[in-house]
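[1] Build me a structure from this.
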Amino acid sequence: MTGSASHTYRGGCHCGAVRFEIDAPAEVTVQSCNCSICSMTGFLHLIVPAARFRLLQGDDALSTYTFNTGTARHLFCRHCGVKSFYVPRSNPDGFSINLRCLDADSRPHSAIEAFDGAHWEEHGEALAHLSRD
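    Purely as a prediction, here's the structure:
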């Protein structure tokens with residue numbers, strides 16, 4: 001994350017069954033990852049510490065998908081199929097929010113940087129600081 005002053009942003013899945021809010025700066029840097037799942041879904045990663053994420057509704061609407069090491073917990077709305085956030089392998093102590101799933105009228109200003117998730121083992125540590133307060 002970049003910037004300093006924290007703002008609260010809300011978001012959710014396509015059908016509205018899942019709603020959440022996060023605290024993040026007004027200006028952020030998000031990652032566009034080239035790993036197999038992110039490149040297929042167009043996920044833009046805004047990683048926040050767990051303490052800055054709050055699930056407002058829809059815990060019962062979430063389904064979990066894991067693969068490979070099982071560390072990452074991909075959480076999908078079982079109604080519309082959208083993954084608006086998940087627990088990433090790089091930051092199991094935080095959440096990765098899909099910037100595209102934040103309410104359009106209140107998204108933080110963002111810069112997008114490439115992340116080589118296809119070679120995660122070589123680059124994963126570069127993201128570890130993002131989920132720390």
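[2] Please count neighbours and contacts with C-alpha atoms only from this point.
    OK.
[3] Could I get the buried residue list for the strand or helix carrying residue 96?
    Using DSSP states H and E, residue 96 sits within strand 94-98. The neighbour-count check on strand 94-98 (16 or more other C-alpha atoms under 10 Å) flags 94-98 as buried.
[4] Can you measure across stretch 57-70, start residue to end residue?
    By C-alpha to C-alpha, to the nearest Å, the extent of stretch 57-70 from end to end equals 25 Å.
[5] And the contacts of that stretch?
    17-20, 72-79 (C-alpha atoms under 8 Å, 6 or more residues apart in numbering).
[6] please redo it, this time with the cut-off set to 10 Å
    Under the criterion C-alpha atoms under 10 Å, 6 or more residues apart in numbering, residues 12-13, 16-20, 72-83, 86, 89 lie in contact with stretch 57-70.
[7] now stretch 105-125
    Residues contacting stretch 105-125 (C-alpha under 10 Å, 6+ apart): 1-2, 7-11, 24-39, 44-46, 89-91, 99-102, 126-127.
[8] so what secondary structure elements neighbour the longest helix along the chain?
    For the chain, the helix with the greatest residue count under DSSP state H is helix 36-41. Secondary-structure packing of helix 36-41 (3 or more C-alpha pairs under 10 Å, 6 or more residues apart in numbering; DSSP states H and E): strand 27-33.
[9] and stretch 101-117, how far out from the chain's middle?
    9 Å (C-alpha atoms, centre = their mean, to the nearest Å).
[10] Counting neighbours, what do you get for residue 106?
    13 (other C-alpha atoms under 10 Å).
[11] Residue 60 and residue 82, how far apart?
    14 Å.
[12] For these two, indicate the residue with more neighbours.
    Between residue 60 and residue 82, counted using other C-alpha under 10 Å, the more crowded position is residue 82 (19 against 10).
[13] My guess is the more buried one contacts residue 14. True?
    Yes: taking C-alpha atoms under 10 Å as the definition, residue 82 is a contact partner of residue 14 at 6.4 Å.
[14] Now do the shared contacts for these two.
    In contact with both residue 82 and residue 14: residue 101, using C-alpha under 10 Å, 6+ apart.
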